[in-house]
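K.L.:
no FASTA, just this:
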């Protein structure tokens, strides 16, 4: 798939919208909880990718997995950490703590891209990162309590760290001319996540209704958008991908408001507006500079 910069931005926004359905969907689960949610979501992601990848890439996709180098395996590990750490963190601390911790993703991505790839981060992107981080901190900072939830916060830190590492790995491979298809790494990550969370999920309590919703998450919330995000990362710079990914928080709040009647407070609306403004400003300035 050949993407222009503008199309990659639009596609990445769609990706974050698909990622954001997790909250509103899980609000309608009947009995599945915690690790079981993570297991079934990853399991259905594996099943979805076993269909999606051969359809679009042919049976050669499995040989790519067998012949994958160190970059491929590291990317798969990063995906598995992202798939699991978020849910584990939620069992140890509050949603607010997890989201505030994840907001440092763009900072970590920019730092790793600068160190390992040598990307020069334009001032507009640094400003947008700071502005978006401030917006999310405003949304949840008043509820954050690091002292009593240190364990959960440290686990949550694995999510942006793994994400930053993954985007940097993807672009490092492209920068060095490596013809490595990192899309199947999403499948590897889902397999690892399923294996890790399976023993922690027993005994199962999910109802057929729950399994239907978790299958939806596996396909629409993880399999499809994660594959598309790798394609976007081949066009967009790593910090830009991480910055756009923050839209997941905003979309998640809106969907929970509409679909689960979780009305956000004034600070959430104000902070969300700040995040969106940062993203729009960064893209508008970048578009004018490229023009």
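P.N.:
Received, thanks. Source: prediction; values computed, not measured.
K.L.:
can you give me the helices in the stretch 1-150 of the chain?
P.N.:
Along the stretch 1-150 of the chain, the stretches classed as helices by DSSP state H, counting those that start in this stretch are 5-19, 21-26, 34-57, 60-66, 70-92, 95-102, 105-112, 123-140, 150-175.
K.L.:
of those helices, which approaches residue 288 most closely?
P.N.:
helix 123-140 (10.1 Å; Cβ to Cβ). Just so you know, the C-beta spots here come from the backbone N, C-alpha and C atoms, and that holds for glycine as well.
K.L.:
Show me which residues of that closest one are buried.
P.N.:
Across helix 123-140, burial judged by 16 or more other Cβ atoms under 10 Å covers 124-125, 128-129, 131-140.
K.L.:
Around residue 82, count how many other residues there are.
P.N.:
Other residues near residue 82 come to 21 when the count uses other Cβ atoms under 10 Å.
K.L.:
what about it, distance to residue 42?
P.N.:
11 Å (Cβ to Cβ, to the nearest Å).
K.L.:
got the end-to-end distance for stretch 115-127?
P.N.:
19 Å (Cα to Cα, to the nearest Å).
K.L.:
now residue 171: how far from residue 12?
P.N.:
Distance from residue 171 to residue 12, by Cβ to Cβ: 14 Å.
K.L.:
do the same with residue 116
P.N.:
21 Å.
K.L.:
for the residue lying closest to residue 119 once chain neighbours are set aside, what are its contacts?
P.N.:
Closest residue to residue 119 apart from its sequence neighbours, by Cβ to Cβ, 6 or more residues apart in numbering: residue 113 at 4.2 Å. Residue 113 is in contact with 119, 121, 167, 168, 171, 237, 238, 239, counting by Cβ atoms under 8 Å, 6 or more residues apart in numbering.
K.L.:
how near is residue 243 to residue 79?
P.N.:
20 Å.
K.L.:
for residue 129, same thing?
P.N.:
Counting by Cβ to Cβ - residue 129 and residue 79 are separated by 23 Å.
K.L.:
what about stretch 249-264, distance to the chain center?
P.N.:
On the basis of Cα atoms, centre = their mean, to the nearest Å, stretch 249-264 sits 18 Å off its chain's mean C-alpha point.
K.L.:
Next, the buried residues of it.
P.N.:
249, 250, 251, 252, 253, 254, 255, 256, 264.
K.L.:
Show the pLDDT at the last one.
P.N.:
In this model, residue 264 is scored at 69, pLDDT.
K.L.:
go on, the second one?
P.N.:
Taken from the predicted model, the pLDDT recorded for residue 250 is 80.
K.L.:
Now do the contacts for it.
P.N.:
20, 272, 275, 276.
K.L.:
nearest to residue 222, of these?
P.N.:
residue 20 (12.1 Å).
K.L.:
what sits against the nearest residue in space to that closest one that is not next to it in sequence?
P.N.:
Once flanking residues are discounted, residue 20 sits nearest to residue 251: 3.6 Å by Cβ to Cβ, 6+ apart. For residue 251, the contact set (Cβ under 8 Å, 6+ apart) comprises 16, 17, 19, 20.
K.L.:
same thing but at 10 Å, please
P.N.:
13, 16, 17, 18, 19, 20, 21, 23, 24, 272 (Cβ atoms under 10 Å, 6 or more residues apart in numbering).
K.L.:
these two touch, right, the second one and residue 244?
P.N.:
Yes. Taking Cβ atoms under 10 Å as the definition, residue 16 is a contact partner of residue 244 at 6.4 Å.
K.L.:
neighbour-wise, which of the two wins?
P.N.:
The neighbour comparison of residue 16 against residue 244 (other Cβ under 10 Å) goes to residue 244, with 24 against 20.
K.L.:
Reformat the helices of the stretch 1-150 of the chain as TSV; add mean pLDDT and distance to residue 224.
P.N.:
Shown next, in TSV, are those (pLDDT from 0 to 100; distance: least, Cβ to Cβ, whole Å):
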stretch	mean pLDDT	distance to residue 224
helix 5-19	89	6
helix 21-26	83	11
helix 34-57	87	7
helix 60-66	73	16
helix 70-92	83	14
helix 95-102	68	21
helix 105-112	78	21
helix 123-140	77	25
helix 150-175	80	17
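K.L.:
Alright, that wraps it up for me.
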